[in-house]
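In: No letters, just coordinates:
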């Protein structure tokens, strides 16, 4: 059902990159749109206005992408909608059309509000960097490891903050950040207790998630932080913890996407449909079991990720 809400959205960064590569949109309009965005939902992450090189590289990669598919090509979703509607009576068909219209509008609003958030995040980042310059911090990024309230009470004052206190605050925050990045968050809770996902494993070599269409085979590349990815993913199965809107252009050439978190209407699934990339989300078992370089099948129709056997035929996707 999720594939039916696929849209020809112009609010996806990866879709805009593909349009520039195809000559349907100017590079200036792309850079203007992407300027306040950053690789992460983190005020400490530089915006693409500060460093547009990832966007420019992505355009070059997209120019050489031989998929031959234009962004927004939703033929598969349209065909699926036709098949589903054919099984319904006239009244149910009308109701389905109304629901799909609302669902597509909601998806578009979701992409719009993300961009608004990035714009607000960029404003806060610029303000904090200005404070870092006023305080003559040796590493301006230290400003992002200080509590906002602590900064606000001292910013604009006639005296610089105590350097010892500042160094202590930064050191404690960096240590906490290190702990947080190594923490594995549960996918869901019930009565205050985290739910396990063991039921999603199908034997030793297969894992169940939520499929978003398409089928592909490729070597696994595990990515913990898409915001800093600097490896080639073309033709490979990208296995990530999560997929955010400003990161997805980095994996547009992948054979398939698999993520621990996310849902059928989330950023990863929506962008995968937009670019025609098979995708399975909310599949934690695969992350724990698979290693870089392993050969896997990704079946976005059934939501299945499985180790490929040597006798398997190559993918004809």
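Out: Looks like it arrived, so ask away. Fair warning: this is a prediction, and the values are worked out from it, not measured in the lab.

In: Looks to me like residue 216 is in a strand.
Out: Yes: under DSSP: H, G, I helix; E, B strand; the rest coil, residue 216 sits within a strand.

In: doesn't residue 278 make contact with it?
Out: Yes: assessed by C-beta atoms under 8 Å, residue 216 is found in contact with residue 278 at 4.5 Å. Every C-beta, even on glycine, is put in place using the N, C-alpha and C of the backbone.

In: contacting residues for residue 144?
Out: 43-44, 128 (C-beta atoms under 8 Å, 6 or more residues apart in numbering).

In: What about these, which are in helices?
Out: Of the positions in those, residue 128 sit in helices, assigned by DSSP state H.

In: Only whichever of the contacts of residue 144 are buried, select them in PyMOL.
Out: Buried residues within these, by 16 or more other C-beta atoms under 10 Å, are selected in PyMOL with:
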select buried, resi 43+128
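
In: and which of the contacts of residue 144 is nearest residue 28?
Out: Closest to residue 28 out of the contacts of residue 144 is residue 43 (26.1 Å), distances taken as C-beta to C-beta.

In: For the closest one, give me the pLDDT.
Out: What the model reports as pLDDT for residue 43 is 92.

In: from now on call the first residue 496
Out: Okay, using 496 as the starting number, the last item reads as residue 538.

In: Now it: closest residue in space, sequence neighbours ignored.
Out: The shortest distance from residue 538 to any non-neighbouring residue, by C-beta to C-beta, 6 or more residues apart in numbering, is to residue 620 (4.9 Å).

In: Quick one: residues contacting the one you found.
Out: Neighbours of residue 620 in contact, by C-beta under 8 Å, 6+ apart: 533, 538-539, 542.

In: Would you check which pair of those residues lies furthest apart?
Out: It's 539 and 542 that sit farthest apart of the contacts of residue 620, by C-beta to C-beta, at 11.0 Å.

In: What number of residues are in the vicinity of residue 764?
Out: Residues lying near residue 764 (other C-beta atoms under 10 Å) number 28.

In: is it true that it lies in a strand?
Out: No: assigned with three-state DSSP, residue 764 falls outside any strand and is helix.

In: List the buried residues of stretch 523-533.
Out: Judged by neighbour count (16+ other C-beta under 10 Å), stretch 523-533 contains these buried residues: 525-526, 528-533.

In: By mean pLDDT, which helix or strand of this protein comes out lowest?
Out: helix 570-581 (a mean of 69; mean pLDDT, DSSP states H and E).

In: low-confidence ranges in this protein?
Out: 496-506, 560-576, 602-606, 679-683, 690-698, 720-727, 740-743, 806-812 (pLDDT under 70).

In: quick one: the strands in it?
Out: Here the chain has its strands, by DSSP state E, at 684-685, 688-689, 701-703, 705-706, 710-718, 732-735, 751-754, 774-776, 790-794, 799-802.

In: What is the longest one packed up against?
Out: Counting by 3 or more C-beta pairs under 8 Å, 6 or more residues apart in numbering; DSSP states H and E, the packing neighbours recorded for strand 710-718 are strand 732-735, strand 790-794.

In: Out of those, which is closest to residue 664?
Out: strand 732-735 (31.7 Å).

In: can you give me the helices in this protein?
Out: 508-516, 522-529, 548-558, 570-581, 585-629, 643-649, 658-676, 762-770, 779-784.

In: now for these, which one comes closest to residue 706?
Out: Among the helices of the chain, helix 762-770 sits nearest to residue 706 (C-beta to C-beta), with 9.0 Å.

In: Also compute the angle for the closest one relative to helix 585-629, please.
Out: 110 degrees (axes from the mean of the first three to the mean of the last three C-alpha atoms, to 10 degrees).
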